[in-house]
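S.K.: Pasting the sequence and the predicted coordinates here, then a few questions.
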Amino acid sequence: MSKVALVTGATGLVGSHVVERLAADGWTVRALVREPRSAAWVRQLGVAELFQGDVLDGSAFTDAARGCDVIFHTAAAITPAAATWEAYRTVNVGGTAAAIEAARESGARLMHVSSVAVYGPAGRYRDDAQKTVESLPLLPIPEHAFYARSKRESEELVMHAHQRGEIWATAIRPDVIYGRRDRQFIPRMARLFTTLHAFPLPGGGKNTIAIINAASVADAALRAATSDEAGGRAYNVANEGETTLAEFVRLAARGLDTRVVPLPVPLGILSALLAAMKKLVAVVPVPGASVIQHATLGFVARDNPFSSERAERELGWRPVVAPAEAIPDAFRWWARNRKR
């Protein structure tokens, strides 16, 4: 008899890849969706039973989880319409609390998709230049970093529930996720590349960037959920080789079948330019505004600060698709489906 899983956020990037992976491995898959008629991606996959409900609807959540072996909680507010603390906390913390209650009531394991955002904007880069690992103390997060605060609070809820013996739980911490069905990172970058056909490369773009393909995140989620050793532990899932910024731009251009001119820029000039552009796009619509608003100097100028060694050692995890294939494929998918 196959194992049964409930996936929240199944219409999103990570959730849809988790659904695909579970189905491929022979699981019986349920998906908690707000509106089944609009759950196009899940319906197209045709491998999941749809349960109508919101992650904040505790009774619907618990009903959908009844009889499940694992709850994969991937749903999260990443860029809510109202970028307020309450908007982030309601979905991310409130939804996680509901997931914990559903796991408690059903006896299912809880696999929580957290984020490297829990390290905070500054905590990810160490003064000793060593990689950021899960055992490091978590530094205070600035009040305005709403997403990071909500993801840390959510993960803490999960881990405390496990420590109290209320549920069995584990968590993974991806960095910037991309892939087919991406509605965040790839669309922003693609619009910028196809509008400007150029991209600044601080220091020549030799820095390794902190990205991970959604299929690799789904693989890590399944491994953690089915590993007894993973109970009560969090895992960075944040490395897929040494892809540099320059290589990322080149592979993106290949997927878009366009030309993107690399523009080597001194770091100091880029820092000043980025600060000025963020002020400009706050009041004047310009091409690539969403990329500029979400850009951080660390991401485009510094090496990927994270280590996924714990996941590699304890879960046997490795990226399941090479960046040379995954990056062009993600941009190619966006180009084919952007009108949707």
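M.R.: Received the coordinates, thanks. Just so you know, these numbers come straight off a predicted model, no measurement behind them.
S.K.: what about the strands in the stretch 101-250 of the chain?
M.R.: Assigned strands in the stretch 101-250 of the chain, in chain order: 109-113, 169-174, 176-178, 198-202, 211-213, 234-237 (criterion: DSSP state E, counting those that start in this stretch).
S.K.: any idea of the angle the helix or strand containing T90 forms with strand 169-174?
M.R.: Following DSSP states H and E, one finds T90 within helix 85-106. Helix 85-106 and strand 169-174 are oriented at 140 degrees to each other (axes from the mean of the first three to the mean of the last three C-alpha atoms, to 10 degrees).
S.K.: Report the buried residues of helix 85-106.
M.R.: 87-89, 91-103, 106 (16 or more other C-beta atoms under 10 Å). C-betas here are computed from N, CA, C, even on glycine.
S.K.: Next, F72: secondary structure please.
M.R.: strand (DSSP: H, G, I helix; E, B strand; the rest coil).
S.K.: pretty sure it is touching M111, no?
M.R.: Yes. At 4.9 Å, F72 counts as touching M111 under the criterion of C-beta atoms under 8 Å.
S.K.: what about the two, which has more around it?
M.R.: F72 (33 against 29; other C-beta atoms under 10 Å).
S.K.: hang on, the earlier thing: helices and strands around the helix holding T90, which ones?
M.R.: When contacts are defined as 3 or more C-beta pairs under 8 Å, 6 or more residues apart in numbering; DSSP states H and E, helix 85-106 sits against strand 4-8, helix 58-65, strand 70-73, strand 109-113, helix 146-163.
S.K.: quick one, which of those is nearest to E35?
M.R.: Distance to E35, taken as C-beta to C-beta, is lowest for helix 58-65 among these, at 12.5 Å.
S.K.: R104: what's it in contact with?
M.R.: A161, E166, I167 (C-beta atoms under 8 Å, 6 or more residues apart in numbering).
S.K.: How about stretch 40-49, which residues are buried there?
M.R.: So for stretch 40-49, counting by 16+ other C-beta under 10 Å, buried means W41, V42, L45, A48.
S.K.: how far does stretch 178-197 sit from the chain's center?
M.R.: The chain centre lies 15 Å from the centre of stretch 178-197; the measure is C-alpha atoms, centre = their mean, to the nearest Å.
S.K.: re earlier: how about the strands of the stretch 101-250 of the chain in JSON lines, adding distance to A83 and mean pLDDT?
M.R.: Listed next are the strands of the stretch 101-250 of the chain as JSON lines, based on distance: least, C-beta to C-beta, whole Å; pLDDT from 0 to 100:
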{"stretch": "strand 109-113", "distance to A83": "21", "mean pLDDT": "98"}
{"stretch": "strand 169-174", "distance to A83": "21", "mean pLDDT": "98"}
{"stretch": "strand 176-178", "distance to A83": "18", "mean pLDDT": "97"}
{"stretch": "strand 198-202", "distance to A83": "25", "mean pLDDT": "89"}
{"stretch": "strand 211-213", "distance to A83": "23", "mean pLDDT": "98"}
{"stretch": "strand 234-237", "distance to A83": "26", "mean pLDDT": "98"}
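S.K.: Would you mind putting those into TSV with distance to E143 alongside?
M.R.: Formatted as TSV, these follow (distance: least, C-beta to C-beta, whole Å):
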stretch	distance to E143
strand 109-113	24
strand 169-174	22
strand 176-178	23
strand 198-202	29
strand 211-213	27
strand 234-237	23
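S.K.: Looking at these, spot the one closest to V55.
M.R.: Per C-beta to C-beta, nearest to V55 of these: strand 109-113, 12.1 Å.
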